[in-house]
Structure formats: C-alpha cells, structure tokens
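A.B. asks: Below is the sequence, then the predicted model.
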Amino acid sequence: MAGMYSVFRPLLFRLNPETAHDIVVQTIGLMGRIHPLNQYLVDTCRGPLPSFPVEAMGLSFPNPVGLAAGLDKDAKAVDGLAALGFGFLELGTVTPLPQSGNPRPRMFRMTSAQALVNRMGFNSGGLNHFLARLGQQQQQAIIGINLGRNAATSNEDAWRDYLTGLRAVYRVADYVTINISSPNTKGLRDLQERDTLDGLIARLKAEQSQLAELHQKYTPIVVKISPDLDIESIARVAEVLTLRGIDGIVATNTTISRPLDAKTHPQASQEGGLSGAPLAALSHRIISELRQHTPSDFPVIGVGGIMDAASAQAAFSAGATLIQLYSGLIYRGPALVREILGALQAAQAAKAPTS
Ligand SMILES: Cc1cc2nc3c(=O)[nH]c(=O)nc-3n(C[C@H](O)[C@H](O)[C@H](O)COP(=O)(O)O)c2cc1C
C-alpha cells in the first residue's frame, strides 16, 4: 500500500485539493462496497497489522489510531476506511439540516510544509442523508459521530442543533463528538466560553441519561476543542467538562494561527484552519496542559500534526489515550497507520522485561 500511494500521490496532488479529496473518498467508498476489492484492502492494509488494544470510554479499541473528523463528513466510505486498519473512525461533522459550506476554493495544500489550510464550513448532507448512508454499510469499526450546528443557527440556539444530532445518532454511534472548535463557522468557538459551555454540556448530559434509559445503551460524549485556547481557558474547559462528567476530550481542531514561514508558503495567508506538521507542537502542548487538569485515566484523543511514528509517540507522551490522523493521511497515505502501530509495538517490546 505504501508503494501504491507513492504512485497515486503525484497524480492527486496535480488536482485541486478538494477534487483530489472527493476522488479518494469515492474510491475508498467504492472499494469498501465491492466484495473482492474490500478484501484486497483488508489483505494489503489490515492483514498482519500489529494489534494494540486500548480500553477507553467503555469501548474496546483494537488499536489507538483513528481517522479524524472531516474526511468522511457524510459517511460515504465507512467500510473502505475500516479496511485500512484504523482502530476507530470519526465521521462528520454532520449538521442537522443539509448545507453547502463555504464557496470554493476552500482547501489549500502547502506541500513542502506538510500542511493544509481549509475553510470548508461544514459542508454536510444533513443528518437524514448521513444516517441513510451509514445504514447501507456494515460498519465493522468503532464509529464516532461528530456533530455540528448549522451556519444559520445562532449560538443561543446551538444547543438545539446538538440535541437534535445527539438524539438522531445516539443508537448507532459508539461515541459522539461535540464540535465547538471549527474556525470556519462564525462564532462557533465562542461555545467554549465557561458559562455557555457549562449550559450546553448540562443539557447534553441530561439528554444522554434519558437516551441511555430509552435505548439501554450508554453512548459516550466527547468535546472537540481548539488549539487556540490560552492556558487559563484550557484549565476552565477541562474543569467544566470533568465536573459535568463528559466522557473525553478531542484535542485539537485546526488552528487560526500560522506557525510557519508565510513568505515560503503564500497559501498560509488563506483564511481558515491550519492542519498538518506545523500544528503538532501546539496540539501536543494543549494535550499536556489538559493532562494537568484531568484524572490520569480521563480519555484524551490527540489529533493535530501526526505525520509519522515520532509525532504519534509525542502525542502519546503528552498524554493522549488515543490519536487521530487527517493531514498525515493526505501526505503519507494509509501506510501511516501501520507505521505508527509498528513503532508502538516495538516500543512496548523494548519496555517489556526480558526473561
Ligand atoms: C479538509 C479538512 C476538513 C476538516 N473537517 C473537519 C470537520 O468537519 N470536523 C472536525 O471536527 N474537524 C475537521 N477537520 C479537523 C481535523 O479533524 C483535525 O482536527 C485537524 O486537521 C488536525 O489534524 P491533522 O493535523 O492530522 O490534520 C478538518 C480538517 C481538514 C484538513
């Protein structure tokens, strides 16, 4: 598979990033649906994949390397993505009603920096479409569903959108992510402010209790935060979330900061959220900071700038329980999953006492 991606990458990189993205998701979706191709993906990617089980949020993850939200926003390629060896898949962001997102172009590559800027703005087919797509697939993976609010919904009413989302996906999701950290929906990140956040999470936790009763199933809820929070805000967010009994934190979304040389990378001046290699240090700092304010067994899903085994190891050292990839997949291809798992296993073997 490593070899295969090095053939396709130059071709894909000649296309505009969103077209390339759409082709890849369509192709993986198609391969996942057609039996012999699905088996091919499993054999080449998953085959002798090192197993590295992790228990978190009451779920048994076959390995701690997940797909980050935003790649499969409409649940188009769940089975194909599962075959690539991920320990879990976070689908979405899905909004209650369909919306087209921002005008194109809205995704930009900075290849020499291994970075992307995007301002997609939650292009989403909406909940009904999402659930119909998901229902057509086998879903042999742990599935997180990432929820957003519609652009037309005010922050005052945002809780309604998140409750609508929670009710709709509760039964089928293994966990639910509340996305209040995308920089591309106006005002969204203000939902991270203490009182607003507390009110929102209180409503979601109350609804979760009722849904757990109704469905006889507990679906954990995690919150995805921004890397642009200052140190005091991180402490406040961690306090509110742990006091309210939230089940985990995803850290982090993309940054509006530009920790790279703007002269070398003119695309960096594009408006939107930056992801990829330049985000790693920032994201890892947020994970360490969260760890100072949460119990040691509190689940933290680390995401941001994981491009190789070393940056994955850095996220775990900072305190991540699980990790997710997005930009790393674009630059390195699906072989990255196996590379990280191989390194984790080697590190564990080196630590184990020799007899
Ligand atoms: C094109 C693109 C679209 C994204 N869409 C979403 C999204 O819909 N919801 C979300 O929570 N994060 C979204 N993200 C953020 C990623 O999930 C991840 O948090 C971020 O890219 C940092 O990880 P990375 O450096 O591995 O890419 C998106 C990222 C990219 C590059």
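C.D. replies: Nice, thanks for sending it over. Numbering: from 1, shown residues only.
A.B. asks: On the strand side of things, show who the residue of the stretch 101-250 of the chain found nearest the ligand bridges to.
C.D. replies: The ligand sits closest to N118 of the stretch 101-250 of the chain, with a gap of 3.7 Å, by Cβ to the nearest ligand atom. The way it works is simple: take the backbone N, C-alpha and C, and place the C-beta from them, glycine included. Counting by DSSP bridges, N118 is bridged to M107, G273.
A.B. asks: my guess is it contacts S275, does it?
C.D. replies: Yes - in this structure, N118 is within contact of S275 by Cβ atoms under 8 Å, at 7.2 Å.
A.B. asks: which residues are in contact with both of these two?
C.D. replies: Counting by Cβ atoms under 8 Å, 6 or more residues apart in numbering, the residues touching both N118 and S275 are T254.
A.B. asks: for stretch 198-210, what is the average pLDDT?
C.D. replies: Mean pLDDT, computed over stretch 198-210, is 98.
A.B. asks: And the helices in the stretch 201-350 of the chain?
C.D. replies: 231-243, 280-292, 309-318, 327-332, 335-351 (DSSP state H, counting those that start in this stretch).
A.B. asks: Which one, of those, ends up nearest to L49?
C.D. replies: helix 335-351 (6.0 Å; Cβ to Cβ).
A.B. asks: Show residues contacting that closest one.
C.D. replies: 1-2, 5, 45, 49-50, 52, 63-65, 84-86, 306-309, 312-313, 316, 323, 325, 328-329, 332.
A.B. asks: Sort out which of those are in strands and list them.
C.D. replies: Using DSSP state E, the subset of these located in strands is 65, 323, 325.
A.B. asks: pretty sure the second one contacts N63?
C.D. replies: No - at 10.0 Å, I323 and N63 do not qualify as touching, with contact defined as Cβ under 8 Å.
A.B. asks: For these two, indicate the residue with more neighbours.
C.D. replies: When neighbours are counted by other Cβ atoms under 10 Å, I323 and N63 differ, and I323 comes out ahead with 26 against 23.
A.B. asks: show me the contacts for the more buried one.
C.D. replies: Residues near I323 by Cβ under 8 Å, 6+ apart: 64-66, 301-303, 306, 312, 315-316, 340.
A.B. asks: out of these, which touch the ligand?
C.D. replies: Restricting these to those within reach of the ligand (Cβ under 6 Å from any ligand atom) leaves 303, 306.
A.B. asks: Which positions in the stretch 101-250 of the chain make contact with the ligand?
C.D. replies: So far as Cβ under 6 Å from any ligand atom goes, the stretch 101-250 of the chain lies against the ligand at 107, 116, 118, 120, 146, 179, 182, 224.
A.B. asks: let's go with 8 Å and repeat that
C.D. replies: Proximity of the stretch 101-250 of the chain to the ligand is confined to 107, 115-116, 118, 120, 122, 146, 148, 177, 179, 181-182, 224, 250 under the rule Cβ under 8 Å from any ligand atom.
A.B. asks: Give me the subset of those residues lying in strands.
C.D. replies: 107, 115-116, 118, 146, 177, 179, 224, 250.
A.B. asks: what about Q26, neighbour count?
C.D. replies: 13.
A.B. asks: and the helix or strand that it is a member of, what other elements does it pack with?
C.D. replies: Counting by DSSP states H and E, the element that carries Q26 is helix 17-33. Helix 17-33 is packed against helix 2-12, helix 35-41, helix 78-83, strand 107-110, with contacts defined by 3 or more Cβ pairs under 8 Å, 6 or more residues apart in numbering; DSSP states H and E.
A.B. asks: Between helix 2-12 and that helix, find me the angle.
C.D. replies: 140 degrees (axes from the mean of the first three to the mean of the last three Cα atoms, to 10 degrees).
A.B. asks: List the contacts of helix 17-33.
C.D. replies: Here helix 17-33 has contacts from 12-13, 15, 37-38, 40-41, 71-72, 76-84, 104-109, 116, 137, 330, using Cβ under 8 Å, 6+ apart.
A.B. asks: contacting residues around F130?
C.D. replies: With Cβ under 8 Å, 6+ apart, F130 has these contacts: 74-75, 91-92, 94, 124, 145, 169.
A.B. asks: Now, these that are in strands?
C.D. replies: 91-92, 94, 145.
A.B. asks: Quick one: buried ones out of the contacts of helix 17-33?
C.D. replies: 12, 37-38, 41, 71-72, 76-84, 106-109, 116, 137, 330 (16 or more other Cβ atoms under 10 Å).
A.B. asks: how many other residues sit next to the residue of the stretch 51-200 of the chain found nearest the ligand?
C.D. replies: For the stretch 51-200 of the chain, the residue closest to the ligand is G70, as judged by Cβ to the nearest ligand atom, at 2.1 Å. Each residue near G70 was counted by other Cβ under 10 Å, and the total is 23.
A.B. asks: got a pLDDT number for it?
C.D. replies: 98.
A.B. asks: show me the contacts for it.
C.D. replies: Contacts of G70 (Cβ under 8 Å, 6+ apart): 92-93, 118, 120, 146, 326.
A.B. asks: and with 7 Å instead?
C.D. replies: 93, 326 (Cβ atoms under 7 Å, 6 or more residues apart in numbering).
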